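*Asks:* here are the coordinates; sequence isn't available:
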């Protein structure tokens, strides 16, 4: 069966100008696959500058890859035209970090919900449109009478973000890209929004790509995870396996930064701050070598392949060179769907 979404060896390189030779590789030879008949929640995780948002922008078709292909239902998204492009725009929706930025402050929140219904002709009349809006709001835990007719500034951040999720749900998407959807929301509301996302996956069969730097929320919402560092895959696999038993030194550092509810347990003993000189240097080996406490000579000579360290876990690290290699284009084999 043709996958719903497929990244084939996708690379994105940003240059500083026509006359400048300086370039930054934001995403480096990344492959992944989401099956059409197996709705899942996949987390893309990493610190700032790891390439998470670039991956989202590529997936949504906002920017084009430098190398490789992004296929939706077998079709290259950079070549979609006419009805195929319209269907892609309807079936692939996004929820972004800032729950206020997508609203027009001069319109009540009804406007955000009614526009996609009109644009994609989802209702035959006003009554049917209102029924669809009510259904979408109820699906994300909001009562229509509490939010409709109000302006964005009259709602809480959690309400605004859930309205954004409801807007996406109105279009009956096949894939939802959630880019840091709870990072600007009070902690008390994060669980509600995350549960809304899980309900979309369970009850509506929507696959979700959840992009975050917060491994705590990732652990509670996702089935699988890909950990990026400066555009490259460091580790991938089952969310439970990767968080509980991280194998790559970089993943261990990320998990070490999680504050635990134990005042006697220290965290963040190793600083996780990218060194500026790394980004401007030309490297032939592992991108994490200069920060890795286990770096060997060969780590600086050639980038390590992905090694299968468990049935549902792979790590790009020479510490596991006795394990079988997973071809990067077959990474999805270690990613469970539920």
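*Replies:* Looks like it came in fine. Predicted, not measured: the structure shown is a model, and the values here were computed from it.

*Asks:* so residue 192 belongs to a strand, correct?
*Replies:* No - if the criterion is DSSP: H, G, I helix; E, B strand; the rest coil, then residue 192 is helix and not within a strand.

*Asks:* what's the spacing between it and residue 178?
*Replies:* According to Cβ to Cβ, to the nearest Å, residue 192 and residue 178 sit 14 Å apart. For the C-beta atoms, the positions are set from N, CA and C on the backbone; glycine is no exception.

*Asks:* compare the two (neighbour count), which wins?
*Replies:* Neighbour totals were compared for residue 192 and residue 178, and residue 178 leads with 28 against 17 (other Cβ atoms under 10 Å).

*Asks:* quick one: low-confidence ranges for this protein?
*Replies:* Scanning the chain for pLDDT under 70 picks out the ranges 17-20, 259-283.

*Asks:* what's across from the spatially most central residue of it in the sheet?
*Replies:* Residue closest to the average C-alpha location in the chain (Cα atoms, centre = their mean): residue 211, at 2.8 Å. Per DSSP bridges, the residues bridged to residue 211 are residue 44, residue 179.

*Asks:* wait, it touches residue 180, no?
*Replies:* Yes - if you go by Cβ atoms under 8 Å, residue 211 and residue 180 touch, sitting 6.2 Å apart.

*Asks:* which stretches of this structure form helices?
*Replies:* Remark: helices assigned in the chain by DSSP state H are 52-59, 82-91, 110-119, 126-139, 144-147, 157-170, 187-204, 215-221, 239-244, 249-256, 276-280.

*Asks:* need the residues that contact the fourth one.
*Replies:* If I follow you right, that is helix 126-139. Here helix 126-139 makes contact (Cβ atoms under 8 Å, 6 or more residues apart in numbering) with 110, 113-114, 117-118, 122-123, 143-144, 147-148, 163, 166-167, 169-170, 196, 199-200, 203-204.

*Asks:* just the buried residues out of those residues, in ChimeraX syntax.
*Replies:* Buried members of those, defined by 16 or more other Cβ atoms under 10 Å, are picked up in ChimeraX with:
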select :110,113,114,117,123,144,147,148,163,166,167,169,170,196,199,200
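
*Asks:* and residue 61, how many neighbours?
*Replies:* Neighbour count for residue 61, taken as other Cβ under 10 Å: 16.

*Asks:* ignoring the adjacent residues along the chain, who's closest to it?
*Replies:* Nearest non-adjacent residue to residue 61, counting by Cβ to Cβ, 6 or more residues apart in numbering: residue 77, 4.9 Å away.

*Asks:* that neighbour touches residue 65, doesn't it?
*Replies:* No - Residue 77 lies out of contact with residue 65 (Cβ under 8 Å); the separation is 9.7 Å.

*Asks:* returning to that earlier point: what sits against the residue nearest to residue 61?
*Replies:* When contacts are counted by Cβ under 8 Å, 6+ apart, residue 77 touches 61, 70-71, 88.

*Asks:* ok, so of these, who is nearest residue 188?
*Replies:* Nearest to residue 188 out of those is residue 61 (Cβ to Cβ; 34.9 Å).

*Asks:* tell me how far that closest one lies from residue 32.
*Replies:* Taken as Cβ to Cβ, the span from residue 61 to residue 32 is 16 Å.

*Asks:* for residue 98, same thing?
*Replies:* Residue 98 is 26 Å from residue 32, by Cβ to Cβ.

*Asks:* of those two, which one has the most company?
*Replies:* Using other Cβ under 10 Å, the more surrounded residue of residue 98 and residue 32 is residue 32, with 24 against 16.

*Asks:* distance of the more buried one relative to residue 39?
*Replies:* Distance of residue 32 to residue 39, computed by Cβ to Cβ: 15 Å.

*Asks:* tell me the buried residues in stretch 302-321?
*Replies:* 303-309, 312-320.

*Asks:* same question, stretch 216-230
*Replies:* Buried-residue list, stretch 216-230, by 16+ other Cβ under 10 Å: 217-219, 221-230.

*Asks:* ok, of those, which one's closest to residue 174?
*Replies:* residue 223 (16.6 Å).

*Asks:* phi first, then psi, for the closest residue to residue 51 other than its chain neighbours.
*Replies:* Spatial nearest neighbour of residue 51, chain neighbours left out: residue 231 (4.0 Å); criterion: Cβ to Cβ, 6+ apart. As for residue 231, its main-chain torsions (degrees, to the nearest 10) stand at phi 90, psi -10.

*Asks:* residue 231 and residue 214: what is the separation?
*Replies:* The gap separating residue 231 from residue 214 is 20 Å, by Cβ to Cβ.

*Asks:* compare neighbour counts for these two and give me the winner.
*Replies:* residue 231 (23 against 17).

*Asks:* mind listing what the more buried one touches?
*Replies:* Residue 231 neighbours (Cβ under 8 Å, 6+ apart): 12, 25-28, 30, 50-51, 54, 287.

*Asks:* can you do 10 Å?
*Replies:* Neighbouring residues of residue 231 by Cβ atoms under 10 Å, 6 or more residues apart in numbering: 11-13, 24-30, 46, 49-52, 54-55, 287.

*Asks:* do the same with residue 226
*Replies:* Residues near residue 226 by Cβ under 10 Å, 6+ apart: 30, 32, 42-46, 52, 55, 209, 233-237, 242, 314, 331-332, 334-335.
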